[in-house]
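Enquirer: I need the structure of the sequence given here:
(one chain, ligands or ions: 4)
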Amino acid sequence: MSQYTAERKFGLAAVRRACALTDSVFNKLVKNETLVKGDKSPVTVGDYAAQALVCSMLQRAFPDDLVVGEEDAADLREESGRGMRERIIELANEAIVSPLKDGDDPAWGVGPGAEQDAASLLDAIDRGNHEGGKTGRMWTLDPIDGTKGFLRGEQYAVCLSLIVDAKPVLGVIGCPNLPVDPSKPDGAKGCIFVATKGQGAYQYDHEGLSPKSISIPHISTADISFLESVEAAHSSHGFNARVAEQLKVCKSPVRMDSQAKYCCLARGEGGAYLRMPTGVGYREKIWDHASGQVLVEESGGVVSDSRGQSLDFGLGRTLGENFGIIAAGKSVHSHVLEAVQTARAEEDDNKAKAHA
Ligand SMILES: Nc1ncnc2c1ncn2[C@@H]1O[C@H](COP(=O)(O)O)[C@@H](OP(=O)(O)O)[C@H]1O
Ligand SMILES: [Mg+2]
Ligand SMILES: [Mg+2]
Ligand SMILES: [Mg+2]
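Expert: Ligands and ions are numbered 1, 2, ... in the order given. Purely as a prediction, here's the structure:
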């Protein structure tokens, strides 16, 4: 029997249920349902409710596994968090009790009648407080990746990955707003991507049906159009433009929030995803990249930092010092890496001259 069959079945069903939750929240979101966190990033009732849902399912499905989740319930436990807390409990329970679909298992604590009280759901959110580490099994969850995209009604993703001994082995990414067929941008939306180490990468529809094997085609550097963040604060647009110039790339970059960039790359769009630091000392988080890495590797791509080294998922909640991320098809990764290194050397030279 293939490895991680139960985890994969769980991941697909949990992300499907979480995507239904976030999609319905978007249509109902009102003012006061978003907080600004200590690092100035937004978090909505949707982020918290989706983390409560997935962590409570994980707790029943894999009780011994650790979880590194983006959110924690500290602000919600305060008196000032009462309004948001009540809304989150309501939303999480709506998602928990929604009818079972093919692939769901009532043993995960979902389905009609499975409501939970506030204390259990806050504790479920806080199951994601694990510090990470080098050994054993841990799941990492980004309940809404690209919260800014979510708030704009653009791309966002629900991302769940299983990491074993510091290596992501399963990646599930739900993208409720992503067109199913890239050639029909105004057509049906909502996809779930699933990849398991050594077993390939697949795109499903938003119901978790109709799996289609996906892969990155062989392309030349001239065909690249870089995938990059919408937010200039998250990765340097200017640096990417210099890399594009080095490679004589003529096509404009495609800007998109969230790990939907990894998904697009994995199904043959863009050719490369570049995420170079903006120089503010930000450390990338494991939940922003673990699922994407498995997906891209299983569709025939390569993910590295700007030194050409693998990302290290064993350092804790972050990936450590930020050397940027280059994800690309096999046929172009080494060329993009070389261009990144040249552009970096030029940048360092210019800085040295400016200080001379
Ligand atoms: N200064 C920074 N540099 C890089 N990434 C950052 C950042 N500040 C926040 N982020 C991360 O960027 C993610 C979104 O990435 P993207 O720009 O590709 O959409 C955010 O995820 P969340 O939206 O889950 O908080 C957050 O973790
Ligand atoms: Mg966030
Ligand atoms: Mg994120
Ligand atoms: Mg998030």
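
Enquirer: and V303, what element?
Expert: strand 301-304 (DSSP states H and E).

Enquirer: that should have said V67, apologies.
Expert: Counting by DSSP H and E, V67 is part of strand 66-69.

Enquirer: could you list the low-confidence segments of the chain?
Expert: For the chain, the stretches with pLDDT under 70 are 1.

Enquirer: what is the longest strand anywhere in it packed up against?
Expert: If each strand of the chain is counted by residues according to DSSP state E, the longest one is strand 167-179. Helices and strands touching strand 167-179, by 3 or more C-beta pairs under 8 Å, 6 or more residues apart in numbering; DSSP states H and E, are helix 5-28, strand 157-164, strand 189-196, helix 260-266, helix 290-298. Bear in mind the C-beta positions are built from the backbone N, C-alpha and C, glycine included.

Enquirer: how is the chain divided into domains?
Expert: For the chain, automatic domain parsing gives the domain ranges 5-214, 221-355.

Enquirer: partner residues bridging the closest residue to ligand 3 within the stretch 1-150 of the chain?
Expert: Nearest to ligand 3, among the residues of the stretch 1-150 of the chain, is D145, at 3.5 Å (C-beta to the ion). Counting by DSSP bridges, D145 forms beta bridges with A157.

Enquirer: count of residues packed around it?
Expert: Neighbourhood size, D145 [other C-beta atoms under 10 Å]: 28.

Enquirer: do D205 as well
Expert: 15.

Enquirer: which ones are touching it?
Expert: The neighbours of D205, taking C-beta atoms under 8 Å, 6 or more residues apart in numbering as the test, are V180, A188, G190, C191, I192.

Enquirer: spit out the contact partners of Y273.
Expert: Neighbours of Y273 in contact, by C-beta under 8 Å, 6+ apart: F226, L227, E228, K261, Y262, L265, V296, I325, I326, A327, A328.

Enquirer: is the strand or helix carrying it positioned near ligand 1?
Expert: Using DSSP H and E, Y273 sits within strand 272-275. No: using C-beta under 6 Å from any ligand atom, strand 272-275 stays clear of ligand 1, coming no nearer than 6.9 Å.

Enquirer: A helix includes S235, no?
Expert: No: per DSSP: H, G, I helix; E, B strand; the rest coil, S235 lies outside any helix segment and is coil.

Enquirer: ok so, going back, most surrounded residue in the contacts of D205?
Expert: Busiest of the contacts of D205 [other C-beta under 10 Å] is I192, holding 28 neighbours.

Enquirer: I'd guessed that residue sits against I173; true?
Expert: Yes: if you go by C-beta atoms under 8 Å, I192 and I173 touch, sitting 7.2 Å apart.

Enquirer: give me the common contacts of the two.
Expert: V15.

Enquirer: wait, what's in contact with G270?
Expert: Here G270 is in contact with I224, S225, F226, L227, V254, K261, C264 (C-beta under 8 Å, 6+ apart).

Enquirer: with adjacent residues omitted, what lies nearest to it?
Expert: L227 (4.2 Å; C-beta to C-beta, 6 or more residues apart in numbering).

Enquirer: so what's that neighbour bridging to?
Expert: Residues in beta-bridge contact with L227 (DSSP bridges): V254, Y273.

Enquirer: surely C264 is in contact with L227?
Expert: Yes: using C-beta under 8 Å, C264 is in contact with L227, at 6.1 Å.

Enquirer: so these two - more neighbours on which side?
Expert: Ranked by neighbour count (other C-beta under 10 Å), C264 and L227 place L227 first, with 25 against 21.

Enquirer: show me which residues of the stretch 51-200 of the chain are close to ligand 1?
Expert: Counting by C-beta under 6 Å from any ligand atom, the residues of the stretch 51-200 of the chain near ligand 1 are E70, D142, D145, G146, T147, G149.

Enquirer: what sits against the residue of the stretch 1-150 of the chain closest to ligand 3?
Expert: Counting by C-beta under 8 Å, 6+ apart, D145 has contacts Y156, A157, V158, C159, D257, S258, Q259, W287, D288.

Enquirer: ok and the residue in the stretch 251-356 of the chain nearest ligand 4?
Expert: For the stretch 251-356 of the chain, C-beta to the ion, closest residue to ligand 4: W287, 7.2 Å.

Enquirer: ok, that residue - contacts?
Expert: When contacts are taken as C-beta under 8 Å, 6+ apart, W287 is in contact with V68, G69, E70, T140, L141, D142, D145, C159, S161.

Enquirer: how deep is R77 tucked in, by neighbour count?
Expert: Neighbour tally, R77, other C-beta under 10 Å: 15.

Enquirer: what's near enough to touch it?
Expert: Counted by C-beta under 8 Å, 6+ apart, R77 has contacts R85, L122.

Enquirer: next, give phi and psi for A201.
Expert: phi -120, psi 140 (degrees, to the nearest 10).

Enquirer: over to Y202?
Expert: Dihedral angles for Y202 - degrees, to the nearest 10 - are phi -140, psi 150.
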